Every structure is written in C-alpha cells, then in structure tokens.
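Asks: predicted model follows, preceded by the sequence.
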Amino acid sequence: MNSPTDEQAALIKITMEGKRMNYPDRCDQENLLNLHKAKIHLEMAIGLVSQ
C-alpha cells in the first residue's frame with residue numbers, strides 16, 4: 001500500500017473539503033476517496049492487531 005501520488009493527494013484533499021467534480025469524473029473522485037478511507041482503516045486495524 002503506497003502513498004497516493006501528488007495529484008491523488010490533492011484530489012483527496014479537495015474532496016474532503018466538500019468540493020465535487022462534474023460527472024463522470026465525480027465517480028472516479030468518490031472511488032479514490034473511498035479507497036483512501038479503506039486504506040486508512042486497514043492500517044488502523046493492522047496497528048491494533050499488532051499491538
């Protein structure tokens with residue numbers, strides 16, 4: 001699980017600020033945010049299990 005690219009990080013940031021792109025790009029934007037959230041939750045779960 002790598003870190004997002006600079007472009008992906010910027011897109012995640014504006015998405016979390018509530019800004020939305022026009023369709024069909026909005027679907028990609030929301031999918032990227034969901035993947036990022038899933039990665040964060042997986043890392044948290046792994047951290048809890050490994051303690």
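Replies: Cool, got the structure. Note that the coordinates shown come from a computational prediction; the quantities given were computed from them, not determined experimentally.
Asks: need the per-residue pLDDT for residue 47.
Replies: You'll see residue 47 listed with a pLDDT of 93.
Asks: give me the neighbour count for it.
Replies: 9 (other Cβ atoms under 10 Å). All C-beta spots, glycine's among them, are computed from the backbone N, C-alpha and C.
Asks: which helix or which strand is home to it?
Replies: Per DSSP states H and E: residue 47 is located in helix 25-49.
Asks: could you list every helix and strand in contact with that helix?
Replies: Helix 25-49 sits against helix 6-16, with contacts defined as 3 or more Cβ pairs under 8 Å, 6 or more residues apart in numbering; DSSP states H and E.
Asks: centre of the chain to the helix it packs on, how far?
Replies: Relative to the chain's own centre, helix 6-16 is displaced by 8 Å; criterion: Cα atoms, centre = their mean, to the nearest Å.
Asks: got it, and stretch 22-37?
Replies: The answer for stretch 22-37 is 8 Å, by Cα atoms, centre = their mean.
Asks: mind listing what's buried along that stretch?
Replies: Judged by neighbour count (16 or more other Cβ atoms under 10 Å), stretch 22-37 contains these buried residues: 29, 32-33, 36.
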